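Participant: what follows is a predicted structure for the sequence shown.
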4 protein chains.
Amino acid sequence: MTVFRWLIADGFIPSTSQGQLESHESLCIVNPHSNDASVQIKVFFEDRDPIEGIAVVCPSGRTRHIRVDTLTGSDGRTVPRGVPYAMELTCPLEVGVQLSRLDSTQSQLALMTVSGVRVST
Amino acid sequence: MTVFRWLIADGFIPSTSQGQLESHESLCIVNPHSNDASVQIKVFFEDRDPIEGIAVVCPSGRTRHIRVDTLTGSDGRTVPRGVPYAMELTCPLEVGVQLSRLDSTQSQLALMTVSGVRVST
Amino acid sequence: MTVFRWLIADGFIPSTSQGQLESHESLCIVNPHSNDASVQIKVFFEDRDPIEGIAVVCPSGRTRHIRVDTLTGSDGRTVPRGVPYAMELTCPLEVGVQLSRLDSTQSQLALMTVSGVRVST
Amino acid sequence: MTVFRWLIADGFIPSTSQGQLESHESLCIVNPHSNDASVQIKVFFEDRDPIEGIAVVCPSGRTRHIRVDTLTGSDGRTVPRGVPYAMELTCPLEVGVQLSRLDSTQSQLALMTVSGVRVST
């Protein structure tokens, strides 16, 4: 069975927040297909083993915008703030995946976003 | 007939604005071809059915930068502020598509942009 | 002869600036090849004919970061501030192309960037 | 042997910083493969010869987020602040590569990010 795979190299949830909005990262998925999409996520770090076994369902004809700090691996670990990370996503359907960061370390916010990069499986 | 298709997973029009510029998202299309391009847009949400039947024409040799909140589906619905959404665009011509966000929730603005991701049809 | 082609849908040079840095857009090209690269640029608008005949050389083993407002078409026209535009770039070599915006409309700057999207020729 | 190659056209480490965070660029690599990845980096400038011979290892199942100003070529040169540059990365494994800029020239930070663009080898 074909599986689609994407990489996102730069993940980082800032440790602190000021102003009205909390620093966070959102993993955004869109599924235009007629079946629900089951997305498997693996989170990589610089200095520790990956978090595996994160599974997210994006229903048919829906999008999901998920706070990265709510993702939980099969061993109960979550993505900590203030630690560089990266992601691999796999899915049997060709969904859209994108990661956006809102940084409110200082009183005015900054934004950046990137699409998952398709790689061969 | 070949149809090109793109996905954009992270759409969000901030609810509030401060300062000189209003928070908004712009859908940008460029058509370098010798025929006008008819782009069909479908907008996906987390908790409700998609908005369908949005049609935009980008004339030959022109660009269009369209405020997302002006897009209207065949049932009259528009994209609300403060609600996560995503987009699928389809077009018989290989145009360029890009979504940019200006967030002025706080008094200084933030920007982010992403190109539509080509997917197989 | 193969020609590479890229589209960038969202171009906009903000009209005003505050603070230390002027609002601007930079078109960045990198040429890792052993021959100089001649890049042809066409600029599209919403409400007027494209600017054609812009030619830029990126030497072998060099990058160029060019202020968009310095690009001049064969008819002498340049890209005005405060007007939405888009770009098509063509080159016989597979160079890298990227457009970045610095917006200092308000006293703190905002940044966004996007790579040119490869399209078939 | 197949080698993967990516280009990033817009690199620039701002000269100055204000506030809590220093202006910097981070080169982010993720390696989901079962072997360590050796990434070769070449840095291009507008007005001088490239820096060659930069080698970075991203271990199997790890990410690395590297400050660009710490990269050192075989001739001892590093990437200076305030000078436009660009990058070519090559690797025998299909890793993920992304460059992010934090600009704190003014007291509030701005962010932008871009993925490396895959080119043929």
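Facilitator: Sure, I can see it.
Participant: how about the residues of chain A by chain D?
Facilitator: A:7-12, A:42, A:44-47, A:49-50, A:84-88, A:101, A:103, A:105-108, A:110-115, A:117, A:119-120 (Cβ under 8 Å from any Cβ of the partner chain). Backbone N, C-alpha and C define where each C-beta goes, glycine included.
Participant: ok, now which ones touch the most centrally placed residue in chain A?
Facilitator: The residue lying closest to the centre of chain A (Cα atoms, centre = their mean) is residue A:27, at 3.7 Å. By Cβ atoms under 8 Å, 6 or more residues apart in numbering or on different chains, residue A:27 lies in contact with A:41, A:56, A:65-66, A:68, A:71, A:87, A:97-99.
Participant: would a markdown table of the residues you listed with neighbour count be doable?
Facilitator: Shown next, in a markdown table, are the contacts of residue A:27 (neighbours: other Cβ atoms under 10 Å in any protein chain shown):
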| residue | neighbour count |
| --- | --- |
| A:41 | 25 |
| A:56 | 16 |
| A:65 | 20 |
| A:66 | 18 |
| A:68 | 22 |
| A:71 | 18 |
| A:87 | 29 |
| A:97 | 27 |
| A:98 | 26 |
| A:99 | 26 |
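Participant: okay, and which of the residues you listed map to helices?
Facilitator: The helices, defined by DSSP state H, take in nothing from those.
Participant: re the thing from before, just the residues of chain A next to chain D that are near chain B?
Facilitator: Answer for these near chain B (Cβ under 8 Å from any Cβ): A:107-108, A:110-115.
Participant: can you classify the residue nearest to the centre of chain A as helix, strand or coil?
Facilitator: What DSSP: H, G, I helix; E, B strand; the rest coil gives for residue A:27 is strand.
Participant: nearest residue to it in space, please, no chain neighbours.
Facilitator: residue A:66 (4.8 Å; Cβ to Cβ, 6 or more residues apart in numbering or on different chains).
Participant: right, and the one you found touches residue A:26 too?
Facilitator: Yes. Look at residue A:66 against residue A:26 with Cβ atoms under 8 Å: they come within range, at 6.6 Å.
Participant: now do the shared contacts for those two.
Facilitator: Common neighbours of residue A:66 and residue A:26 (Cβ under 8 Å, 6+ apart) do not exist.
Participant: quickly run through the sheet partners of the helix or strand hosting residue A:9, with directions.
Facilitator: Element membership for residue A:9 (DSSP states H and E) is strand A:4-11. Sheet pairing here is set by DSSP bridges, and for strand A:4-11 it gives strand A:85-91 (antiparallel), strand A:117-119 (antiparallel).
Participant: and the closest residue to chain C within chain A, what pLDDT?
Facilitator: Chain C sits closest to residue A:108 of chain A, with a gap of 5.7 Å, by Cβ to the nearest Cβ. Here, the pLDDT recorded for residue A:108 equals 72.
Participant: also the one 10 residues further on?
Facilitator: Per-residue confidence for residue A:118 comes out at a pLDDT of 97.
Participant: with residue A:60 instead?
Facilitator: 98.
Participant: that one touches residue A:30, doesn't it?
Facilitator: No. Counting by Cβ under 8 Å, residue A:60 sits too far from residue A:30 to count as a contact (11.0 Å).
Participant: and the two? Which one has more around it.
Facilitator: Each of residue A:60 and residue A:30 has its neighbours counted (other Cβ atoms under 10 Å in any protein chain shown); residue A:30 has more, 29 against 13.
Participant: mind telling me what element that one is part of?
Facilitator: Going by DSSP H and E, residue A:30 is part of strand A:24-31.
Participant: buried ones in that strand?
Facilitator: A:24-31 (16 or more other Cβ atoms under 10 Å in any protein chain shown).
Participant: what would these look like in TSV with distance to residue C:17 and pLDDT?
Facilitator: Formatted as TSV, the buried residues of strand A:24-31 follow (distance: Cβ to Cβ, whole Å; pLDDT from 0 to 100):
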residue	distance to residue C:17	pLDDT
A:24	30	92
A:25	30	95
A:26	31	96
A:27	35	98
A:28	32	98
A:29	38	98
A:30	36	98
A:31	42	98
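Participant: quick check: end-to-end length of stretch A:103-110?
Facilitator: Terminal residues of stretch A:103-110 lie 5 Å apart, using Cα to Cα, to the nearest Å.
Participant: quick one: contacts of that stretch?
Facilitator: Residues from elsewhere that reach stretch A:103-110 (Cβ under 8 Å, 6+ apart): A:14-19, A:21-23, A:102, A:111-112, B:103, B:105-108, B:110, C:108, C:110, D:19-21, D:102, D:107-111.
Participant: 7 Å - rerun?
Facilitator: Contacts with stretch A:103-110, where a contact means Cβ atoms under 7 Å, 6 or more residues apart in numbering or on different chains, come from A:14, A:16-19, A:21-23, A:102, B:103, B:105-106, B:108, B:110, C:108, D:19-21, D:108-111.
Participant: mind checking which of those are buried?
Facilitator: Using 16+ other Cβ under 10 Å, the buried ones in the contacts of stretch A:103-110 are A:14, A:17, A:19, A:21, A:23, A:102, B:103, B:105-106, B:108, B:110, C:108, D:19, D:21, D:108-111.
Participant: among those residues, which are located in strands?
Facilitator: Those of the buried ones among the contacts of stretch A:103-110 mapping onto strands are A:102, B:103, B:110, D:110-111, per DSSP state E.
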